[in-house]
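>>> dropping a prediction and its sequence here:
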Amino acid sequence: MRHLLTLDGMPRATVVELLDRAQHFADLRGDVDALKGIAACTLFFEPSTRTRMSFQLAAMRLGAHVLNFDVSTSSARKGETALDTMRNLEAMGVRGFIVRHHDDGAVAQLAAAAGEGTALLNAGDGRSNHPTQGLLDMLTLRQAKGDDFARMRIAIVGDVKHSRVARSDLHALRALGATDIRVCGPAALLPEAATLAGCRVTHDLDEAIDGADAVITLRLQRERMEDGLVESLDGYHRDYGITEARLRSAAPGALVMHPGPINRGVEITDEVADGPRSLILRQVANGVAVRMAVLERLLAARG
Amino acid sequence: MRHLLTLDGMPRATVVELLDRAQHFADLRGDVDALKGIAACTLFFEPSTRTRMSFQLAAMRLGAHVLNFDVSTSSARKGETALDTMRNLEAMGVRGFIVRHHDDGAVAQLAAAAGEGTALLNAGDGRSNHPTQGLLDMLTLRQAKGDDFARMRIAIVGDVKHSRVARSDLHALRALGATDIRVCGPAALLPEAATLAGCRVTHDLDEAIDGADAVITLRLQRERMEDGLVESLDGYHRDYGITEARLRSAAPGALVMHPGPINRGVEITDEVADGPRSLILRQVANGVAVRMAVLERLLAARG
Amino acid sequence: MRHLLTLDGMPRATVVELLDRAQHFADLRGDVDALKGIAACTLFFEPSTRTRMSFQLAAMRLGAHVLNFDVSTSSARKGETALDTMRNLEAMGVRGFIVRHHDDGAVAQLAAAAGEGTALLNAGDGRSNHPTQGLLDMLTLRQAKGDDFARMRIAIVGDVKHSRVARSDLHALRALGATDIRVCGPAALLPEAATLAGCRVTHDLDEAIDGADAVITLRLQRERMEDGLVESLDGYHRDYGITEARLRSAAPGALVMHPGPINRGVEITDEVADGPRSLILRQVANGVAVRMAVLERLLAARG
């Protein structure tokens, strides 16, 4: 494993190894020296303070030197290509790049052009991939529901069409052998069929939730209303918002996940988000552990 | 002591312990490992590079991992509450939050909602509290004038009404037993009576300065002129600006303090600010030592 | 050597010592503890993410605490002078300032006002000096062409008039004994005669390149076109752009340098920039090593 660009096609054994290592870091709660002297750089073409900080803290806990390159505000933007920016940082000795980009495939393109000693870690590209989110969601599910993914009933609800989180979750769930995956949202927010291969697709939230062990609800970009894809936030909440009432038909002890930041009262009520079913903060906590595992795996040999 | 939200009501013994420890760090001038492996985060809803850096350097010198979350420029601002932001960072493992907020009481509100393992440090909220500034001002006074606060004559001059520095200084001075405190400013810039309990209040600078051992002058926000609270900067300087001439009636060896950044020629002349009476840079130096003492006290047991 | 403000007049022995130490760090590729516990601060009045990161990484590799003060976006800008900002950071314990400023001489002015224990490192002021760029260019030349600068034929091409890089290169080349220096650009972009003392000056690129061992091409600010100093980017490229065809008359094995960021297709073609003659990324790599050498020299004794 040289880069982490996608979970699509990742062997089950690799996923499990990364989750096991992440669980080790989650239990440890301390620092290790695995990346002492190694420089990593966040390279965010699309801003996200929370995701950046999670990676930053993970790299710090491994002893790395961490640089933050916020391309959206940087002067380097002027007249320099993403590739030149990366090559320059590579020349300075940066060994790992944590890249977020608004364009699908942009991180893979950079990875293809990277030097031999360099590892790229996709922190989200377009609507395509967000592999560490997929891994942290699996770690969270595994902690809560055990590792028999074949018997798990998972509902993914919301704007699946524009969601890299949903795609990475689907990749990971398939790798781990999940078979009962329900995907639910309004027609305008569901993706092409290939993305949904093997899933049960429905526009009816009750059908999706029925007997589910876990509901992964997705963030709704408010721009979707302006795009005309969602009629109103109220209407969206009525049809696809996760509430305690809707969850009554789920399996006993059904849990709820969300990649954050949440729109309270839109995708999910406060009662659910802050209640005992919510794994939302556990997901955030697992994010640091998963990113430590990935950074260690990609970079520990690159000193 | 779980959080540091205010100096109001802090026992004298606690203030003295913090000052003693800060003095230790001021003398040491080096690094310690007290917070090794502990993550702290600055969370500034109101920007202030200088204060942020002072806390940042203090945390670094204690060996902590330091994250900076500038909420005013962050993408997280969009649709996420301050509370959700804090809870997310808590979930990532952040143990200490250094919070500045434009609203009175906002830091205490966050502290009330914080998890058990989390400490909040108020780096300034509204016009209410700036406890580390109060402590560093006391450390500075103690270094210069000894620890017999009961015999000290202190003048606080300027926009006391809008000043969290003045309020924290008053809390600390009372805790340390000061009895001769003169508060001076134009009527429009003096606060309600409760804030000034036990102080001698005057609009006449000469009366405030007469026999004073130290004059604490406050920053004048230029917006006060637009608000109509100050007629002109020249007029303000004439009536309340600290000059060598005005200081002639002070006690021999009277000293001058200012929390910075100073408006040269408004609250204070260059001659005074850069002269032998000025403790301004000593205050800045003590800021790092005081913040080390507070961070150590709040966080050292939270690894 | 207390500050590093300019290479003008630096003794050859000092230049060589710094280059030797930088070569040591370039070979080492790891961390050292030379600046453990010492705080350094980048203080950029003109933004430059790349240069800042190179210094930041150099300081981190030496074990320093590194603060970044981006004055162009900072709140401290409001009503506080550069000098007050520096003095405040000095008071906080910052021992080294890495300063970039748009005004000629501004860094030297700050240095003149700095406290005794403080070192300033000029990271570029106006069009005057960029000493670490001069040093890294010399290190790059020495690695590629050996240390007999007296026999080297160097062409400096482009907007020499506005280039602090060119000036620092000229200072360093003279210190190292170079005698065959050709300076080439359109009349409107060549500086006053004093700057070019001892150089062969020409407007004809072929004449400058003829027999050259190395061509240092400079960044063209696109604003020069708006200023009327350059008629068109195409015209500039035709007359002064470095292409493989133009390089045919250079010495065998002639190499090309550029301080970056490059305007591809303006100063230089992709073919040259990314080809075997290009030392551009080697320059970037050497930047970190040179900055480590300078930071160590200026700060190691200031703990």
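Received, thanks.
>>> any weak-confidence spans in the stretch 51-200 of chain A?
Within the stretch 51-200 of chain A, the segments meeting pLDDT under 70 span A:73-79.
>>> now do the helices in it.
Assigned by DSSP state H, counting those that start in this stretch, the helices in the stretch 51-200 of chain A fall at A:82-92, A:106-113, A:131-145, A:164-175.
>>> in TSV: the ones you listed, plus mean neighbour count and distance to B:Asp159.
In short, each C-beta sits where N, CA and C put it, glycine included. Formatted as TSV, the helices of the stretch 51-200 of chain A follow (neighbours: other C-beta atoms under 10 Å in any protein chain shown; distance: least, C-beta to C-beta, whole Å):
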stretch	mean neighbour count	distance to B:Asp159
helix A:82-92	21	46
helix A:106-113	19	51
helix A:131-145	25	48
helix A:164-175	25	49
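>>> and those: which comes nearest A:Ala59?
Closest to A:Ala59 of the helices of the stretch 51-200 of chain A is helix A:131-145 (C-beta to C-beta; 12.4 Å).
>>> that older thread, can I get the helices of the stretch 51-200 of chain A in TSV including distance to chain B?
Below are those laid out as TSV (distance: least, C-beta to the nearest C-beta, whole Å):
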stretch	distance to chain B
helix A:82-92	19
helix A:106-113	18
helix A:131-145	11
helix A:164-175	16
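>>> in TSV: those, plus distance to A:Ala212.
Formatted as TSV, the helices of the stretch 51-200 of chain A follow (distance: least, C-beta to C-beta, whole Å):
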stretch	distance to A:Ala212
helix A:82-92	40
helix A:106-113	32
helix A:131-145	11
helix A:164-175	13
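>>> now do the contacts for A:His237.
Counting by C-beta atoms under 8 Å, 6 or more residues apart in numbering or on different chains, A:His237 makes contact with A:265-267.
>>> quick revisit: the helices of the stretch 51-200 of chain A: which one's closest to C:Leu189?
Of all the helices of the stretch 51-200 of chain A, helix A:82-92 sits nearest to C:Leu189, with 23.5 Å by C-beta to C-beta.
>>> any idea how chain A splits into domains?
Using automatic domain parsing, the domain parsing of chain A gives A:12-130+A:284-302, A:132-279.
>>> out of these, flag the one nearest C:Ala64.
Among these, domain A:12-130+A:284-302 comes nearest to C:Ala64, with 11.4 Å by C-beta to C-beta.
>>> ok so, going back, which one among the contacts of A:His237 gets closest to A:Gly211?
Distance to A:Gly211, by C-beta to C-beta, is smallest for A:Glu267 among those, at 21.0 Å.
>>> my read: that closest one touches A:Ile242, true?
Yes. Between A:Glu267 and A:Ile242 there is a contact under C-beta atoms under 8 Å: 6.6 Å.
>>> what sits in contact with each of these two?
Counting by C-beta under 8 Å, 6+ apart, the shared contacts of A:Glu267 and A:Ile242 are A:157, A:217.
>>> closest residue of the stretch 51-200 of chain A to chain C?
Proximity of the stretch 51-200 of chain A to chain C (C-beta to the nearest C-beta) peaks at A:Ala91, 3.8 Å away.
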